[in-house]
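Turn this into a model:
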Amino acid sequence: QAYVASDTTDGDGKGTIVTSTAGHVKLLADSATDVQGYAVGGQGADKFALGGSVVVNEYGNDVEAFIGTGSMANARGNVLVQAVDDVDLFQIAGVVTFAVSGGAVGLSNTTLLNTGTVKAHIDAATVQADALAGASTIYSGDGLGTEQRRGVAVTATSHLRNVNEAVAGTASEKIGVAGSATVNKFDEQTQAWIGDGALINTATHAEGSLQDVVVRASDESELISIAGGISLNLGYNGPGAGADAGILEKTTEAWIWADEVQAKQNVVVEARNHEDVFSIAGAVGVGESTGIAGSAGVYVTDITTRAFIGTDEAPGATGQPVGTTIVAADGSVLVSAFGESEMDLIAGSISGSSTKFGVGVSAAVPVVEKTTEAFLGSSADVTGKGGGDVQARTGKFSIGAVAEATDPNAGTDEEGLFQLPVREFTP
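Got it, this is the predicted structure:
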């Protein structure tokens, strides 16, 4: 945690006062984690061989930066409240078993259970950033990218990269069974806000013309998950199985509930979410009598991305602002929610038999539920005088066609993929 403390001692209603007369006030809660797990097994026998390998990682992290209720932060330059969680996870499990005259079984599994919260907020505090001491670096919401800003910035950034692999192989004279499974479960909450009762940049003295107020929450997840099973049997049955399963629950939110927020330039409230899933589930089953191979990739996602000012209009929402939320910018006011998901699920199986039959089954099943909202609530009083520009997504798509040509690469991009509609972004 990084924080300016609330009134928690003498109960006089006054929190901590922090002042920078020449520079900036910066609160940064920064967590970086790199976890690697390996399990490799092997077993050989004459009659019966049994082998297995398992890797299980349960990871949870809470990162928070805030200015508490009753506190004051004053800076000639900028006031930054930033929380960031950067996680790298890599785990692999593999096993090989063989039996000279009997049966062999090989099983492998990798499981990741990830729960995390990243929060940055200003509670019922008074914050004044005059934006007269140069720009500061803040997280831009594009992964771990940064940008330069002046004024007040409240950012919560979550970035996760995960590689999960499990492979099993068997070879036997009679019955050989090979199975592998990868399991991924993510429960992530990333939030940035200015709370009810806060006063931001309400002083009457001179302030810099480039003074912004930025409230931004961003969550980016990259997942590669591979499960494979190979069974080779010289006598009877040779079943092989591979399964990859994942549950992704992510909430990314940015909001303003303050009593009053002012900016000489722009006010930006932005929530951004991105997940990129690449999943492979494969199986090979070969037996003299019967070859059986089955694979499945199943992912269930529940993604919420929201940005708003004023009353939370979600059904059943609690902790609403007591009065009107006043936001006034000499430039522009942007409230933006952007959610992007890319899921590539590949499942395949190969089966074979020298005497009877082979059976192969594979399935890839994505289940996607997404909520993306940007709005002004009923208690919001928002003014933008238009003196500054912001980049806003219009939601417009341009769709075109490419004429058929003899060149097999015509109408494709440099990777040989057909061109997709282009998103147009205009101020």
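
Can you name the residues that contact S172?
Contacts here follow CB atoms under 8 Å, 6 or more residues apart in numbering; on that basis S172 touches 49, 97-99, 102-104, 232-235, 238. Just so you know, the C-beta spots here come from the backbone N, C-alpha and C atoms, and that holds for glycine as well.

what residue ranges in the stretch 251-400 of the chain score low on pLDDT?
396-400 (pLDDT under 70).

sorry, back to before: tell me the two of the contacts of S172 that are most distant?
Maximum pairwise distance in these, criterion CB to CB, is 15.5 Å, between T97 and G235.

the more surrounded of those two?
More neighbours surround T97 than the other of T97 and G235, with 28 against 16 (other CB atoms under 10 Å).

So I292 versus S351, what's the distance?
Here the criterion is CB to CB, to the nearest Å. By it, I292 lies 6 Å from S351.

correction: S209
For S209, the distance to S351 - CB to CB - is 70 Å.

G116 too?
Taking CB to CB, one finds G116 at 41 Å from S351.

can you check V18 too?
For V18, the distance to S351 - CB to CB - is 68 Å.

same check, this time on E288
From E288 to S351 the distance is 13 Å (CB to CB).

ok, these two, which is more surrounded?
More crowded of E288 and S351, by other CB under 10 Å: S351, with 23 against 18.

which residues does the more buried one contact?
Here S351 is in contact with 284-286, 291-293, 358-360 (CB under 8 Å, 6+ apart).

What of T325?
256-259, 261, 309-310, 377, 379-381.

run the last query once more with 6 Å
257, 309-310, 379-380 (CB atoms under 6 Å, 6 or more residues apart in numbering).

since we're on the nearest residue to it once chain neighbours are set aside, how many residues are nearby?
Of all residues not flanking T325 in the chain, G310 sits nearest, at 4.5 Å (CB to CB, 6 or more residues apart in numbering). By other CB under 10 Å, 24 other residues sit near G310.

does the residue nearest to G141 when sequence neighbours are not counted belong to a helix or a strand, and which?
Excluding the flanking residues, the one nearest G141 by CB to CB, 6+ apart is S218, at 3.9 Å. Using DSSP states H and E, the element containing S218 is strand 212-233.

Output that strand in PDB, but only the C-alpha positions, please.
What follows is strand 212-233 as a C-alpha-only set of coordinates in PDB (Å, rounded to 0.1, in the frame of the first residue of the first chain):
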ATOM      1  CA  ASP A 212      -5.800  17.700 -16.200                       C
ATOM      2  CA  VAL A 213      -7.700  15.300 -13.900                       C
ATOM      3  CA  VAL A 214      -7.300  11.700 -15.000                       C
ATOM      4  CA  VAL A 215      -9.100   8.700 -13.400                       C
ATOM      5  CA  ARG A 216      -8.100   5.500 -15.200                       C
ATOM      6  CA  ALA A 217      -8.400   1.800 -14.600                       C
ATOM      7  CA  SER A 218      -6.900  -0.700 -16.900                       C
ATOM      8  CA  ASP A 219      -6.500  -4.500 -16.900                       C
ATOM      9  CA  GLU A 220      -4.600  -6.500 -19.500                       C
ATOM     10  CA  SER A 221      -4.300 -10.300 -19.400                       C
ATOM     11  CA  GLU A 222      -2.300 -12.500 -21.800                       C
ATOM     12  CA  LEU A 223      -2.800 -16.300 -21.500                       C
ATOM     13  CA  ILE A 224      -1.200 -19.200 -23.400                       C
ATOM     14  CA  SER A 225      -2.400 -22.600 -22.300                       C
ATOM     15  CA  ILE A 226      -1.500 -25.900 -23.900                       C
ATOM     16  CA  ALA A 227      -2.600 -29.400 -22.900                       C
ATOM     17  CA  GLY A 228      -1.700 -32.600 -24.800                       C
ATOM     18  CA  GLY A 229      -1.800 -36.400 -24.400                       C
ATOM     19  CA  ILE A 230      -0.200 -39.000 -26.600                       C
ATOM     20  CA  SER A 231      -0.800 -42.800 -26.200                       C
ATOM     21  CA  LEU A 232       0.900 -45.400 -28.300                       C
ATOM     22  CA  ASN A 233      -0.200 -49.000 -27.700                       C
END
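
And the helix or strand immediately after that strand in the chain, how far out from the chain middle?
As assigned by DSSP H and E, the chain's next helix or strand after strand 212-233 is strand 237-256. Here strand 237-256 is found 12 Å from its chain centre; the criterion is CA atoms, centre = their mean, to the nearest Å.

Check stretch 259-267 too.
The chain centre lies 29 Å from the centre of stretch 259-267; the measure is CA atoms, centre = their mean.

Then stretch 361-381?
14 Å.

by contact count, what packs against the host helix or strand of E58?
Using DSSP H and E, E58 maps to strand 48-67. Helices and strands touching strand 48-67, by 3 or more CB pairs under 6 Å, 6 or more residues apart in numbering; DSSP states H and E, are strand 2-4, strand 25-45, strand 79-99, strand 103-122.

what angle separates the third one from strand 212-233?
Strand 79-99 and strand 212-233 are oriented at 0 degrees to each other (axes from the mean of the first three to the mean of the last three CA atoms, to 10 degrees).

name the helices or strands packed onto strand 79-99?
With 3+ CB pairs under 6 Å, 6+ apart as the test, strand 79-99 has strand 25-45, strand 48-67, strand 103-122, strand 151-172 packed against it.

Mind putting those into JSON lines with distance to A347?
Listed next are those as JSON lines, based on distance: least, CB to CB, whole Å:
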{"stretch": "strand 25-45", "distance to A347": "24"}
{"stretch": "strand 48-67", "distance to A347": "22"}
{"stretch": "strand 103-122", "distance to A347": "17"}
{"stretch": "strand 151-172", "distance to A347": "15"}
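
E249: which of these is closest?
strand 103-122 (9.5 Å).

List the contacts of the residue nearest to G141.
S218 neighbours (CB under 6 Å, 6+ apart): 141, 157, 272.

if I look at it, how far off is T252?
Taking CB to CB, one finds S218 at 7 Å from T252.

in stretch 201-218, what's buried?
Neighbour-count burial for stretch 201-218 flags 201-202, 207-208, 210-218 (criterion: 16 or more other CB atoms under 10 Å).

brain fart, stretch 336-345
Across stretch 336-345, burial judged by 16+ other CB under 10 Å covers 336-339, 341, 343, 345.
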